[in-house]
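Novice: Need a 3D model of the following:
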Amino acid sequence: MPLDVNSYSTLSVMITPALFMTANGSLIISTSNRMSRVVDRIRVLNDLRDALCRGATDLDLVPERLAHVADQLHHLEWRSDRVRYALSMLYLAFGCFVGTSLMLALDVLFGNRLVAIPTLMAVCGVSLLLGASINLVREARRALLTNRLEVRFYRDLNAKRQAAASCGMPRTSSATA
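Specialist: Next up, the predicted model:
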């Protein structure tokens, strides 16, 4: 039984969306890792806030630390939203690329009557990939901003401690207020 050359070309065309699926899958993995890191940081800050509120820590400058934790949590909430949006778009894009591959096969079976559908699905997938990338860039920029804010916060804490020490004052939050 001779092989139909058209079958090989169909398989070749169906493989093209697989390149997008591979790239998309890598983005899904790295974005899931980013989400995990944000969630872990939120948990650490919530534990710190709880310990500060209960007085279960020997850390100084408690009011300043509580304000800093609240600010950091606000940024993390915003970041988690961006990552959530990106992940949703990436999963939808993955579905579009799988659908593109499937529609290409069906198009061959139906005698090239569905030509526009695979193209539209591919365009949707690429558009969703672009949207996810934009959200990930925004999240990364916010992550870097919060890193700078954290460094500044600890520099300010150190400056307050040094000022209190030069005046002979104890290192408590009431002494610096």
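Novice: count of residues packed around Val69?
Specialist: Per other Cβ atoms under 10 Å, the neighbour tally for Val69 reads 20. In this view, the C-beta of every residue, glycine as well, is placed from N, C-alpha and C.
Novice: now swap in Lys160 and tell me
Specialist: The burial count assigned to Lys160 is 18, neighbours taken as other Cβ under 10 Å.
Novice: separation between it and Cys96?
Specialist: Noted for Lys160: a distance of 53 Å to Cys96, by Cβ to Cβ, to the nearest Å.
Novice: got it, and Leu48?
Specialist: 42 Å.
Novice: before we move on, what about Leu59?
Specialist: Distance of Leu59 to Cys96, computed by Cβ to Cβ: 49 Å.
Novice: And the two? Which one has more around it.
Specialist: Cys96 (25 against 12).
Novice: wouldn't the more buried one be in contact with Ala122 here?
Specialist: Yes. The pair Cys96 and Ala122 passes the contact test of Cβ atoms under 8 Å, sitting 7.1 Å apart.
Novice: Let me know the secondary structure of Asp60.
Specialist: When states are read from DSSP: H, G, I helix; E, B strand; the rest coil, the local structure at Asp60 comes out as coil.
Novice: count of neighbours near it?
Specialist: Asp60 has 17 nearby residues by other Cβ under 10 Å.
Novice: repeat for Arg82
Specialist: 24.
Novice: which stretch of helix or strand covers it?
Specialist: Element membership for Arg82, per DSSP states H and E: helix 62-109.
Novice: Extract the residue ranges of this protein that are flagged as low pLDDT.
Specialist: 1-14, 169-177 (pLDDT under 70).
Novice: Do a quick rundown of the strands in it.
Specialist: For the chain, applying DSSP state E gives no strands.
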